[in-house]
Structure formats: C-alpha cells, structure tokens
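**Student:** the following comprises the amino acid sequence and a computationally predicted model.
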Amino acid sequence: MLRFIPGYLLIVALLISSKPANCQNRHALLIGIDHYAAPAGYVSSKAGRGQFSNLEGCRNDVLAMQSVIVSRFGFPESNIDTLLNVAATRQRILASMESLLEGSRQGDVAFIFFAGHGSFNRNSLSFEANKTDQTIVPADSWKEGVSDIRDKELNRIFNRFLDKGIGLTVIFDCCHSGSLSRGPAGMPGNMRFMPGLDWDSKDPGRDEIPELRPGNNFLIFSAAQSDQMAAEQKDEQGIFHGAFTAALLESLTQLSAGASAYSIFTTARAILKSNGKYQEPVIGGSRERQERSLFGTATTGLQDYSSVAVSGVTGSRVRLQGGYALGLHAGNELAMFNEERDTICKLRVDTVTGINQSEATVIKGDSKLIKPGNSFRVVNWSSSCKPLLRLFIPPSTLTESDIDICLNLAKALKNSPVIKWQGQLGKGLPAPYATLFWRDKRCFIKTDRNNETEIKDADIQKVLNHCPRDSSIYVELPASSAQSELLRKTLSVNRDIVLTNTPEESNYVLFGRVGVNDQPAYGFRKTFISVSDSLESMPLETDCFVWHASDVKAGTHMPDSLADRVRKLSKLRGWIHLAQPDGAGQLFNYHLEFSRQNGQVISNQSYKIGDNITISLAVDNGIDAATISGSKMFVYVFIIDQEGRMTLLYPLDGNSGNRFPIFNGKSLLQRVELLSTEVSLPTGTDHFFVLACKDPVQNPDVVFNQDGVSSGVLSRGEGDASNPLLPLLNMGNPGQRGQPATLPANWSLRKYSFRCTY
C-alpha cells in the first residue's frame, strides 16, 4: 500500500501484505474462554462436573496471538475471526470452523487457536485402549444437553481442510487430565482442566489422525501431554496467560518469522521449562512439515521484524497497535522509511500499556506526517528489565532446636528397615511413593494415592502409617528463621534476582535434605518438579551445602557458595530468555549445522551419549555472495548444559579467524566446520548459542566458560568496556542492575536446544 504525503514525500507502509509473493491467503480462528461459570444459583445435573471454574489468561492469549500473526506472519485483520468467552459456545465454535473451511481455498493457510479448559469423556466403542475421548470445553458446557467438542469430531473437521488442499496449523493450550508431580509443592496456579463428564459418546469412528496422514500440510502444538495439566501464569507485567502460550509468544519474538516450526517449538519448550513448569508440550505433524515455517508458508513475504501500526496521533504523542506481545519495551525506537529507505520519522516508546498497545514520542521528523495506519519498524534493542531469576525462601519461625527435631525424624526414616529411603528427586530415579516436608512447624506427607495430608505431632510411626512396607520416601527439611534471613540478605545484592512472596511466582525454592554425615544441607530446586522428565532445560536443583543453624553464628561461607549456584542459574535463564534485536537475522546469515560421522545432518535436534558429531556454521538457504551482508561479524559459539555449565566451543584461540562471512578468493564458503566432538554427560537439554557482533569480545575463553558458578570476572572490571554487549555478557553477576536499557541493533543471537539421552 502506498500513502502519499502532501508536499513531496512518498511513504511506503511496512504492513505485511495479505497476499505475499506466494499468493496464499491466510485465515485464522482464535478462541479464548475465561468465563465458564454457570449463572448464580444454577445447579448442574451433569454427573462428574458440578463446578465450572473460570480461567484468567485465555482472552489475553487470543489478543496476543492476534497481534503477532498480523505483525509477523501477514494475516490480514479482516481474515481473523475471534470467539471470546460467552460467545464461544459449542455451536459457534463448530460453525466458525465451518466458515473458516468454506472461506479458504486450495493452497491457502488456515490457523485455529484454542485457549480454555480441556477435559475428557468415556467412549465405550472407541478403538483406543483407554476408551476415552479428549475434549475441548465450550463456554456453554454448563447447559443441559451441551456436550464438549471431542477429539474425534475435531479430527473429522481437520481432515476436511486437508482434503481441500488447505494448510492447517492448530494450537491447543488446554489439558485433558490431572497428573501432577510428587514433589512437595502444591498446585501451580490455575489449571486449564475441567473434570470429565460421566457420559458415553459411543463413537466407533476410526477417522485418520490428521498429523499421521502422509503428504499433508498439518501441524499441531499441544500445551501438555494427554496425562498432564496445562497451567496458567502471570507474565512479568502481571498479565495472565497460558504457560505454554506465554512461552510460545516469547519464542516468536526471539526467532524470525521464517524459522522452522520445530525450532519455534523447541525454543518455546525451553522457555516453558525455564519458567519452572512441569508440563511437557507436544508437536504433531510430519517431519517435513515441522521443518517448514509455523504456518507452512515460504519464507518469501515474511518479515524478520515487527511492523507496528499507528492507531492515533496527538501532537508529538503517538499511540501504537503493538505492545508486550510483540516484545516492545520502553526505550525501543521505531522508524518509518521512504521509498529509498531513508528515515522519515522516528519514535521512542515511553510506555507499554498492554498486550497490543503502547505510547511513543516523536524524536525525529515531523509528527504531522504520521497518520493512523502508518507502520513503523523497530530499529534498536531494548531490555524488558525483568529479573533473570525468581526465588522463594519459605517464611520460617523455626529455631535450631526445631530443625534438630525435623532432622532426627528424617534420620529415623532413613535408617528404618521397613521403608526405602530416597535421597533426592530426578537424576533418573523413579518417583517416590511418599514425600515428607514441612511448612514452618507443620509437617505434611503426600503420596501417589492422595493429596498432601498434615501429620500432627509427627513421629516415625505416624509417617509409616501412610506408607506400605518397602515403599519409598523422600524427605525435605525446612530452614530456620536465622538461616532464611541470612540467605535473603546474601542474595539481595544481586539486582537480577527477585525474592518472591509465594512459590507460585518463583522459578526455584529453597529446600533442605539430609546431607553429608547426616547433617542438614540446603540448596534451591525447581518450584514444580516432574520427576519423570529427564530432559529439563534448566537444572532440577543446585548443589546442596551442609549448613546447620549453629553455623549462622560462626559466619559460615555457605550462603556465599549457594549464592554462586544461584548466579549460575540466573545466567543460564538469562541466555534462554534473551531476545535478539528485531531484524537481526538479516545481519548474520549463518546457522549451526549438526551432523553425524556419516555426514547425515541431525534434523530432530536430539542425540545420545557417545554419539560423535560435527558442528559447522552453514550459510542460510537462498544466501549467496551477492546478497550476504558485506560487513563482517565476530562469531562466538557456546553451549550451556542442563547442569548450568557454560563452555566456549568456538573460537578456541581468541579472536582469530572468527569473522564471518569467510571468502575463498571471491567464492563464499558455504560451510565452515567448527569442531568434532563426542557427546558426553549430563543428559537433559543442551542449549547452543551463536552470538555474532560487530565488536570483538575480549577474553572469550573467560567470558563464555563457567563451571558451576558465575565467572564473576567481568564484574571485577575485566573485559573490553568498549563492547556495547558487555552488560549482557555480565548478566547474573552480583551488583548487576538488570540488563542494559537499550543497545544498538548490531548483534545477532541464534539458539538451538538439543535433547541429550542415553
């Protein structure tokens, strides 16, 4: 679209065309249901479902997703249908899916997004062994005669899209059953689950499962496994979202619009796990489909940056149709260009007021040239200034004598011949039958058959009464009031760490166990633990340090040692959540390529202990010597494993030979082998990072290596202060005042998450 400005300027709007070069139309149906409650006084006769609990983040999910698909993926607003809250009845949902199907032609792209409750019901005629249908719950499910929408009904609809030759992407942020971890933490906030209906659908249908159909263009993301709950959470602005949707939205701001669906999924999974959520998301679709973009489109016509439209202008103040969903923060600068790509006007964001709203001030050019509908592009990098890590230290009134009582009970259980002692969670160990823990002076037990139960005046016999003979038990010790206070004081010097008031707000919580020589030892563990998940993207726990209450008086170094482990966690989480500048993908046109000994490229982002792999930097598809950026970038490749160990992989001899692109004469080297190595412990998720920047990082062997504790070197003044990325490289160190407010957009960061198994 061209807009003529009176006088002489021709301004090219940067809004993505609804019909890009591949001529695919794009249509979307976005459904978000927070309101499920029946009218006051209504009593449901539906067996198994007496209450219809409300949610808080589903409408927000829809608003955010709408903002992203318009700005980054070229969906025209006129092609997006939204159903929110009470409007999302069973009849309206099914009718809207039919309208989406009817309005899409062969070769078009369709997108269905659902955020709300999930559930299940019996199906005695199902060919599946569990005789159960998974369902999404419409807003009018409280009404008599209104059933959920079953997975078999949805499959039939989805297959009709595929039969018509329409590319279909589906995202469900809901859950279908209620499995929880067996750690001592309670329920992690709102869950998108409603109890199943005691109703038999009697549907023998054996329709094809869309993601298993050969040669189709179908992709599905689900927020959790079929036996897990999907959680809601508050983001850094206090806005509720689905935990998976929040992670997905963040991954979309980190990656280019042309990134593969699998890369988007693995990035979202890493973010979800780093936020402390136990749920395990699922991707479905052929491998070929997963390797294409999120909506299966060609990368032509997709932008590697956000276009933000103007909604209104008052003097030098500009209202923008973009907010947190697009990764905008105060300090971001946006520009509008003319046909020759000269800057006509520039804005600075002063306030982000919501999911898709912000306010800015004109800092260059004439505000009279700006009209509603004009589009601006983000041209610098701005930090959200959010903390890197949130910790919860349980409040305590316990004395040293109280800790001794808890410790003695734990030691008695450890030495008991009638029960099996389990010293820790995870590490490949099975889930314990029972978990014993304290909240201040109250003792609780949780088993795999029951929710937590308080044990008053706890002794060994009262604990054993809850446990069958030879079952296993895991015990967590509380900390004393003096210990908790000293640790709070020690951690408060780090501005990138926030101590929360509730465990639900935290990533990690303080816990204790029976340590060396049967002394109490303390560390931090993930707030919500799924002991069956050995592929976490963050450490399940830190090292634990022996620390008795009496050590507080002796001025023990233990709090400092534990603080070092916390800084390691904050640095790891900081890199996982760090988003590169808008458009940075155009600065550096290389990606990491992983291959096996036989030369086969690893496409599923997983490998096993003992595998021999080669890591290379390869030029992106479609890039040649004529189109690649002429400005060279310094490149650093490093890995952070699940235990938080950071290791520099390239370069290994300082800033020598690590400037890209690399030419052999006039020929562009398409692939540069960096190293060959054998995959070693630990198992879990390995995070690879490629940092490319205009200025060299001095002493990269110091900056990008960390063995279990924060290096702390840069905070003592080492490094090159002229490098604008110094505050980022220094993240997680004591005394840090958060990440820098703004940086020039002259650096690029690419991330890869690999699952490492036996």
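**Tutor:** Right, received. Where do you want to start?
**Student:** could you use CA atoms for every contact and neighbour count after this?
**Tutor:** Fine.
**Student:** contacting residues around the closest residue to D686 other than its chain neighbours?
**Tutor:** Distances taken as Cα to Cα, 6 or more residues apart in numbering place D641 nearest to D686, at 4.5 Å, with adjacent residues excluded. Shown in contact with D641 (Cα atoms under 8 Å, 6 or more residues apart in numbering): P682, G684, T685, D686, H687.
**Student:** among the residues you listed, name the buried ones.
**Tutor:** Among the contacts of D641, those buried by neighbour count (16 or more other Cα atoms under 10 Å) are G684, T685, D686, H687.
**Student:** and the helices in the stretch 151-300 of the chain?
**Tutor:** Using DSSP state H, counting those that start in this stretch, the helices of the stretch 151-300 of the chain run over 151-163, 243-254, 261-274, 287-290.
**Student:** hang on, I meant the stretch 501-650 of the chain
**Tutor:** With helices called from DSSP H, counting those that start in this stretch, the stretch 501-650 of the chain shows them at 558-577.
**Student:** re earlier: where's the dip in pLDDT among the buried ones among the contacts of D641?
**Tutor:** Of all the buried ones among the contacts of D641, G684 has the smallest pLDDT value, namely 79.
**Student:** just the helices from the stretch 1-150 of the chain, written as ranges.
**Tutor:** Using DSSP H, counting those that start in this stretch, helices in the stretch 1-150 of the chain cover 58-73, 90-102.
**Student:** gap between A410 and G426?
**Tutor:** For A410, the distance to G426 equals 19 Å [Cα to Cα, to the nearest Å].
**Student:** so for those two, which residue has more residues nearby?
**Tutor:** Between A410 and G426, counted using other Cα atoms under 10 Å, the more crowded position is A410 (25 against 16).
**Student:** test my guess that that one contacts G512.
**Tutor:** No. At 11.1 Å, A410 does not count as touching G512 under the criterion of Cα atoms under 8 Å.
**Student:** using PDB, list the CA coordinates for stretch 54-73.
**Tutor:** C-alpha atoms of stretch 54-73 as PDB (Å, rounded to 0.1, in the frame of the first residue of the first chain):
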ATOM      1  CA  ASN A  54     -13.200 -19.700  35.400                       C
ATOM      2  CA  LEU A  55      -9.800 -19.000  34.000                       C
ATOM      3  CA  GLU A  56      -7.800 -15.700  33.700                       C
ATOM      4  CA  GLY A  57      -5.500 -15.800  30.700                       C
ATOM      5  CA  CYS A  58      -7.300 -17.200  27.700                       C
ATOM      6  CA  ARG A  59      -8.700 -13.900  26.300                       C
ATOM      7  CA  ASN A  60      -5.200 -12.400  26.800                       C
ATOM      8  CA  ASP A  61      -3.700 -15.300  24.800                       C
ATOM      9  CA  VAL A  62      -6.100 -14.600  21.900                       C
ATOM     10  CA  LEU A  63      -5.300 -10.800  21.900                       C
ATOM     11  CA  ALA A  64      -1.500 -11.500  22.000                       C
ATOM     12  CA  MET A  65      -1.700 -14.200  19.300                       C
ATOM     13  CA  GLN A  66      -3.700 -11.900  17.000                       C
ATOM     14  CA  SER A  67      -1.200  -9.100  17.400                       C
ATOM     15  CA  VAL A  68       1.700 -11.500  16.500                       C
ATOM     16  CA  ILE A  69       0.200 -13.200  13.500                       C
ATOM     17  CA  VAL A  70      -0.800  -9.800  12.000                       C
ATOM     18  CA  SER A  71       2.600  -8.200  12.600                       C
ATOM     19  CA  ARG A  72       5.000 -11.000  11.900                       C
ATOM     20  CA  PHE A  73       3.100 -13.500   9.700                       C
END
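**Student:** now do the same for V362: its pLDDT.
**Tutor:** Here the pLDDT value assigned to V362 is 95.
**Student:** please name the nearest non-neighbouring residue to it.
**Tutor:** Distance criterion Cα to Cα, 6+ apart; nearest residue to V362, sequence neighbours excluded, is L347 at 4.5 Å.
**Student:** got the phi/psi numbers for the nearest residue to I419 once chain neighbours are set aside?
**Tutor:** Sequence neighbours aside, D470 is the residue nearest to I419 in space, at 4.5 Å (criterion: Cα to Cα, 6+ apart). For D470, the backbone dihedrals are phi 70, psi 10 (criterion: degrees, to the nearest 10).
**Student:** roughly how far apart are D470 and K420?
**Tutor:** 6 Å.
**Student:** compare those two (neighbour count), which wins?
**Tutor:** The residue with more neighbours, out of D470 and K420, is K420; 18 against 12, by other Cα under 10 Å.
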